[in-house]
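Chemist: test case, fold it:
(one chain, ligands or ions: 2)
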Amino acid sequence: MTIVDSTSEIREQYLGADGAVTSELPDYDDAWLRDIFVHLLRVRCVDQRMLKLQRSGRIGFVGSMLGQEAAMIGTAAALRRQDWMWSGLREGGAALMRGLPLSEYVAQMYCNSNDTAKGRQMCNHFQHKDSNYPSWSSVIGTQIAHGVGAAFAAKRKGVDEVHAVYFGDGATSSNPFHSAMNFAGVWKAPVVFVCVNNGWAISVPASQQTAQPDYARKAAAYGMPGVTVDGNDVLACCEASKALVERASAGHGPALLVVNTYRLMGHSSSDDPTKYRDADEVDSWEKRDPIARYKKFLETRGLLAEGEADTIEASLLAEIDSTVHAEEAAQPMPLKSLVEDVYADVPRHLRAQYNEFLRVAERFGDAQRGDGAFPL
Ligand SMILES: Cc1ncc(C[n+]2csc(CCOP(=O)(O)OP(=O)(O)O)c2C)c(N)n1
Ligand SMILES: [Mg+2]
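Modeler: Ligands and ions are numbered 1, 2, ... in the order given. Model (predicted):
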């Protein structure tokens with residue numbers, strides 16, 4: 001699909017809720033279509049396992065992606081190797097698709113000594129340098145400004161990179177959304193803004209945070225196109241994202257892509273959504289399950305045999321379980337890492353605090369001696 005100055009060719013949907021084809025499909029490779037199914041299912045399996053680990057007190061926090069798998073896998077599948085993903089809370093599954101090893105994903109959830117963030121992030125805040133996936137900040141909206149800055153830098157350097165910036169509907173009320181969209185429009189920065197509209201910002205529904213519930217229309221204020229697709233249709237997400245990535249890469253500037261979806265679980269493992277939303281609403285979205293829809297489509301097309309999805313699921317779960325066992329057995333971060341990596345030489349006041357911390361930890365039987373370099 002080639003889009004130059006308009007987004008009129010972008011279709012809202014290819015697959016209906018029952019998996020039936022609703023628009024003429026592009027010419028897809030069968031192996032690619034099947035791979036997408038495995039990526040979707042992996043996200044769901046990881047999500048289920050992480051929630052169980054959290055509920056049994058083995059990890060601290062999970063931002064479930066249940067129901068939103070197609071929105072992130074579809075949009076991210078359109079990115080090229082050199083493109084960047086600036087994520088929000090729920091895009092970790094897309095990082096897996098782009099190359100984040102499962103072991104690093106799980107290590108980050110445990111914040112153990114294999115965690116590439118060295119335990120300095122809250123869990124569920126992934127990063128992966130090799131696939132251009134910077135660590136996320138919990139402060140809502142910040143990644144929007146970071147992504148636009150990086151995209152502008154790429155443009156100045158003459159490098160062909162598109163920066164996909166992910167955020168939720170709630171983040172459109174944050175300051176960085178407006179300032180970064182404004183700069184991106186003026187600079188014609190190569191950005192695809194992906195607004196994952198799941199209808200809620202924790203307990204705040206769209207109707208209470210914006211008088212313009214058609215999020216795509218917000219793009220007009222910044223001189224860029226805005227398009228909306230069915231976020232539970234993985235092919236619609238992918239095609240729209242691909243068109244906007246091509247457009248940005250060709251020098252035509254940024255665009256806002258709104259993917260309408262729904263989170264079936266709470267905002268996070270710390271949230272109880274039954275306090276603020278109706279069961280009927282959840283039921284209606286369960287019927288639009290993005291994975292069930294895509295599975296049906298593949299089966300009808302003869303790309304997935306009966307029972308094959310169960311076999312794929314079992315092998316994904318086995319891989320996740322063995323990774324969890326390995327990472328649960330890994331050492332925690334050594335205490336000394338608390339004062340490392342900021343100063344070349346640990347300053348006196350931090351040495352004093354660290355030594356005091358070590359004394360307290362020893363008293364409670366929880367001290368780790370590290371590699372013997374401490375106490376200082
Ligand atoms: C600046 C800031 N304000 C408030 C919060 C608390 N907070 C965490 S998530 C969230 C809602 C985010 O909603 P949305 O952007 O729609 O993303 P979703 O969680 O639905 O994916 C809020 C208000 C925060 N983390 N940062
Ligand atoms: Mg939201």
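Chemist: which non-adjacent residue is nearest the residue of the stretch 251-376 of the chain found nearest ligand 2?
Modeler: At 7.1 Å from ligand 2, residue 263 is the closest residue in the stretch 251-376 of the chain, using C-beta to the ion. (Each C-beta comes from the backbone N, C-alpha and C, glycine too.) Spatial nearest neighbour of residue 263, excluding adjacent residues (C-beta to C-beta, 6 or more residues apart in numbering): residue 198 at 4.6 Å.
Chemist: helices of the stretch 51-200 of the chain, start to end?
Modeler: For the stretch 51-200 of the chain, helices defined by DSSP state H, counting those that start in this stretch occupy the ranges 69-77, 92-97, 102-110, 142-157, 175-187.
Chemist: please work out the average pLDDT along the fourth one.
Modeler: By that I understand helix 142-157. Computed over helix 142-157, the mean pLDDT rounds to 98.
Chemist: returning to that earlier point: most tightly packed of the helices of the stretch 51-200 of the chain?
Modeler: Highest mean neighbour count among these (mean count of other C-beta atoms under 10 Å): helix 69-77, with a mean of 29.
Chemist: is that helix up against ligand 2 anywhere?
Modeler: No - remark: helix 69-77 sits outside contact range of ligand 2, by C-beta under 5 Å from the ion, the gap being at least 10.9 Å.
Chemist: for that helix, C-alpha coordinates in CSV please.
Modeler: C-alpha atoms of helix 69-77 as CSV (Å, rounded to 0.1, in the frame of the first residue of the first chain):
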residue,chain,number,x,y,z
GLU,A,69,-2.6,-8.4,21.6
ALA,A,70,-3.6,-7.6,18.0
ALA,A,71,-3.2,-3.8,18.6
MET,A,72,0.5,-4.1,19.5
ILE,A,73,1.5,-7.2,17.4
GLY,A,74,-0.2,-5.9,14.3
THR,A,75,1.2,-2.3,14.5
ALA,A,76,4.7,-3.5,15.5
ALA,A,77,4.8,-6.2,12.8
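Chemist: for the residue of the stretch 201-350 of the chain at minimum distance from ligand 2, name its beta-bridge partners.
Modeler: Distances between the stretch 201-350 of the chain and ligand 2 by C-beta to the ion are smallest at residue 201, namely 4.9 Å. With DSSP bridges applied, residue 201 shows beta-bridge pairing to residue 204.
Chemist: quickly note the distance from residue 274 to ligand 1.
Modeler: Distance check for residue 274 against ligand 1: by C-beta to the nearest ligand atom, to the nearest Å, it reads 17 Å.
Chemist: what is the neighbour count of that residue?
Modeler: Counted with other C-beta atoms under 10 Å, the neighbours of residue 274 add up to 10.
Chemist: now swap in residue 299 and tell me
Modeler: As a burial measure, residue 299 scores 15 neighbours (other C-beta under 10 Å).
Chemist: what's the helix or strand hosting it packed up against?
Modeler: Element membership for residue 299 (DSSP states H and E) is helix 290-300. Applying 3 or more C-beta pairs under 8 Å, 6 or more residues apart in numbering; DSSP states H and E, we find helix 290-300 packed against helix 30-55, helix 69-77, helix 234-249.
Chemist: quick one: average pLDDT of the first one?
Modeler: The pLDDT scores in helix 30-55 average 97.
Chemist: how about it against ligand 1, any contact?
Modeler: No - Helix 30-55 does not reach ligand 1 (C-beta under 6 Å from any ligand atom); its nearest approach is 13.6 Å.
Chemist: now that helix: buried residues?
Modeler: Of all the residues in helix 30-55, those buried under the rule 16 or more other C-beta atoms under 10 Å are 33, 36-47, 49-51, 53-54.
Chemist: quick one: the closest residue to ligand 1 within the chain and residue 68, what's the gap?
Modeler: Nearest residue of the chain to ligand 1: residue 168, at 2.2 Å (C-beta to the nearest ligand atom). Using C-beta to C-beta, to the nearest Å, residue 168 is found at 10 Å from residue 68.
Chemist: then residue 129?
Modeler: Distance of residue 129 to residue 68, given as C-beta to C-beta: 25 Å.
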